[in-house]
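# build the 3D model from these lines:
(chains A and B)
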Amino acid sequence: MQQSSQITLRNRTGMQISPVQGRELLESLEIVVTDPAPDADGAPGDGNPGMRDDVSMRRDYILAAGPLGTIPPPLTVKGMAKSAAKMLTGNRPQVLLDKLAERAVYERGGTRLYDAVLVKYVATRATPAAQQAADAPPQPSAVDALSEGALLEIRNQEAEHYQLLVECIGELGGDPTAETPSADLVGVQTLGLLQIVSDPRTTLTQSLHAALAAELVDVAGWELLMDLAEAMGQDAMVQRFRVALDEEEEHLRLTRAWYSALTMAESGNPVSYVER
Amino acid sequence: MSLDLFAERGMPLARQRFTWRELVQSPISKLDDDAFTRVRVILMNGIELEAVRFGHACARLDGPLRLPLAEVRRVEQHQATMINWLLGADHSPLETTIAYEQVAIEVTAAVARLEPDPYLAQVYRFGLLEDFDHMHRFSALLDRLTGMDANNILQCYTDILPGRPTMLEHRAPQDDLRRPFDAGRAHMLSRLHALTITASEQQTHDFYMNIGPMFADPLARQLYAEIASIEEQHVTQYESLLDPRQAMLEQWLMHEANEAWLYHGCAAQEANPRIRAIWERMRDYELGHFQAAAAVLHESTGRDPRELFPAPLPEPFPYESNRGFVREVLGREVGYRAIGTDIVTDPGQESAATLAYRTHLNSEGSPSAIVAQDWRWQPGTELSRRAAAA
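Predicted structure coming up:
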């Protein structure tokens, strides 16, 4: 397996690797610079005394900002007649539609995240270093379960969860192809995770760290979605969500175990994964 | 080592080609490669983009030149791609911005030190102190918005201190024009320097215009808006140094010579062997472009291109920290201002047009002042200073 951590003298980012330049840079701290810019605290437009200017300026923008966007009408005429929609309780059923759309996009993106993890797995398993690691595995008990098949199963369950959510949105008369504000934020939220996994330079371990982060948020998302569906009287949905949540909890358990085991193995320590 | 444009033929244009796999190679390491490798990558991308832009401008003005320009421009497009794609995706847009400002500071300082014409050297020192201040403001943003240390990008080569305050850099257009050199009499270095810095500032402007809207934070969005505006002023300033009386073909030849000269300097100073091989290949390609442009000059005007380049090109500038020089200029010239085409020492001497323009622009607050309010760079960000003091 490709190592995530190698010590070399090549890393140039810290001060210690550049003793001469680093010392000169530290001397710059002694240079007295009177910033002749007019005091920002008294800059024109500062209408919020007692508040740091950056806070004040950001506050003004927040107060003036419109939303990211809106939610499409939750119930079509056709959807209105559907029994699930009729049973919706609560004052703002659009919250459920927004969160359903959020999970749908999350699961769709999760499917693609695991597509990328699978490529990384297949590619790194084929390297000589991976072969070497396989020849002398340092008690990687949890890693035993890490296989193309196991990753593929998670990937397929993510895709199934997406289909489940599409169906649920449809049952409520919503448009499963529409992007709601919470769904929009999923793209922003997960961009870094996809960048980590799709970068050819990152290791399988680093990619699994990104998957673990995704699963932690996913489990919390499903828990909330179940509570919300329950509060809105969607008992049939709750039953289906419980199955999905169980599967997501298993994804979390597996990714946590794999990531932990690979990291411990790389550190040369015995794998001491504690089930949480 | 100087470069003789006529002794070295380079790679003939017809044999210059790429595959997508060649264009998209493994990027440099943000952590392990030297900061000056990244400086060269950013600079040379800017140089290639200038070549593409210049070629298009010429094509709009000269029908017969369209085909030869298009043939060279296609290769330049791919050269720019191969080089710019060397930046890895673990550089955030803001970290790449820090790297762009390091290019602006270190390359402009190197050019200012070597520039034989005192007026041009003064113009470079004037612009240098403005880019130097941008580094301070963007580093403050990087620290206060993301908790990251700009020195991880700069690798201790470049100081992070206030320069000429960005909020005071806004000038009326009439105070951004400078006097052009006389191409017939100017030192070859002067001609190469002006083209190089113009190209570099233009790509910085374009980069900020593209990534500014990618930020969610309104202060970041304002800061990019403000500094992009200064970069536009800088392009106006440096571009006005170029002699507008030069014929179009002569300017084309100068572009190709400049590119070959810069790649020559990159190759000679590059520590990463994989990247050095790219610089060497690009230098050979540029020599081929120069030959192609020289042939067009000869065929269409009967002129001998050797008249324009009677001697080998001068030694390229070094890629190194200019800390001492920058501090010296900062101490002496931070209060300098521009009126018309002159750089003046008295900060109270600005034009009414500039003062009116600036006062209005800053009248609802200055992002560059707000972002760095009470901020000074500290190793490990200002949070480490507070942790140590706690």
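# find the nearest non-adjacent residue to the residue of the stretch 1-150 of chain B found nearest chain A, please.
Closest to chain A within the stretch 1-150 of chain B is B:Asp32: 4.0 Å, counting by CB to the nearest CB. Placement of C-beta: from N, CA and C, glycine included. What sits nearest to B:Asp32 in space, not counting adjacent residues and going by CB to CB, 6 or more residues apart in numbering or on different chains, is A:Arg10, at 4.0 Å.
# in the chain, mark out all the helices, start to finish.
Using chain A here. A:19-27, A:53-64, A:77-80, A:83-86, A:94-125, A:128-135, A:148-171, A:181-198, A:204-231, A:235-266 (DSSP state H).
# you looked at the wrong chain, it should be chain B
With DSSP H as the criterion, chain B has helices spanning B:20-23, B:35-61, B:66-84, B:93-114, B:118-141, B:151-154, B:188-211, B:218-239, B:248-269, B:273-301, B:323-333, B:352-361, B:367-371, B:382-389.
# most tightly packed of those?
helix B:367-371 (a mean of 27; mean count of other CB atoms under 10 Å in any protein chain shown).
# that one packs against which elements?
helix A:53-64, helix B:118-141, helix B:218-239 (3 or more CB pairs under 8 Å, 6 or more residues apart in numbering or on different chains; DSSP states H and E).
# does chain A have contacts with the longest one?
Translated: helix B:118-141. No - using CB under 8 Å from any CB of the partner chain, helix B:118-141 never reaches chain A; the gap is at least 8.7 Å.
# send the alpha carbons of that helix over as PDB?
This file holds the C-alpha atoms of helix B:118-141, laid out as PDB (Å, rounded to 0.1, in the frame of the first residue of the first chain):
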ATOM      1  CA  PRO B 118      16.600  54.700 -14.500                       C
ATOM      2  CA  TYR B 119      13.000  55.800 -15.300                       C
ATOM      3  CA  LEU B 120      11.900  52.300 -16.100                       C
ATOM      4  CA  ALA B 121      13.600  51.000 -12.900                       C
ATOM      5  CA  GLN B 122      11.700  53.600 -10.900                       C
ATOM      6  CA  VAL B 123       8.400  52.500 -12.500                       C
ATOM      7  CA  TYR B 124       9.200  48.900 -11.500                       C
ATOM      8  CA  ARG B 125      10.000  49.900  -7.900                       C
ATOM      9  CA  PHE B 126       6.800  51.900  -7.800                       C
ATOM     10  CA  GLY B 127       4.700  49.000  -8.800                       C
ATOM     11  CA  LEU B 128       6.700  46.600  -6.700                       C
ATOM     12  CA  LEU B 129       5.600  48.300  -3.400                       C
ATOM     13  CA  GLU B 130       2.000  48.000  -4.500                       C
ATOM     14  CA  ASP B 131       2.200  44.300  -5.100                       C
ATOM     15  CA  PHE B 132       4.100  44.000  -1.900                       C
ATOM     16  CA  ASP B 133       1.100  45.500  -0.100                       C
ATOM     17  CA  HIS B 134      -1.200  43.100  -1.800                       C
ATOM     18  CA  MET B 135       0.700  40.200  -0.400                       C
ATOM     19  CA  HIS B 136       0.200  41.700   3.100                       C
ATOM     20  CA  ARG B 137      -3.600  42.000   2.500                       C
ATOM     21  CA  PHE B 138      -4.100  38.600   1.000                       C
ATOM     22  CA  SER B 139      -2.000  37.000   3.700                       C
ATOM     23  CA  ALA B 140      -4.300  38.600   6.300                       C
ATOM     24  CA  LEU B 141      -7.300  37.200   4.500                       C
END
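# returning to that earlier point: turn the helices of chain A into a markdown table, columns for mean pLDDT.
Output for the helices of chain A, formatted as a markdown table (pLDDT from 0 to 100):
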| stretch | mean pLDDT |
| --- | --- |
| helix A:19-27 | 94 |
| helix A:53-64 | 95 |
| helix A:77-80 | 51 |
| helix A:83-86 | 57 |
| helix A:94-125 | 96 |
| helix A:128-135 | 52 |
| helix A:148-171 | 97 |
| helix A:181-198 | 97 |
| helix A:204-231 | 97 |
| helix A:235-266 | 96 |
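# what's the closest of those to B:Asp304?
Of all the helices of chain A, it is helix A:19-27 that lies closest to B:Asp304, at 47.2 Å by CB to CB.
# pull out the buried residues from the closest one.
Within helix A:19-27, the residues that count as buried by 16 or more other CB atoms under 10 Å in any protein chain shown are A:Gln21, A:Gly22, A:Glu24, A:Leu25.
# now stretch B:114-127: mean pLDDT?
The predicted model assigns stretch B:114-127 a mean pLDDT of 98.
# what does it contact?
If you take CB atoms under 8 Å, 6 or more residues apart in numbering or on different chains as the criterion, stretch B:114-127 is touched by B:108-109, B:111-112, B:178-179, B:181, B:186-187, B:189-190, B:193-194, B:197, B:201, B:234, B:237-238, B:241, B:317, B:329, B:333, B:336, B:338, B:343.
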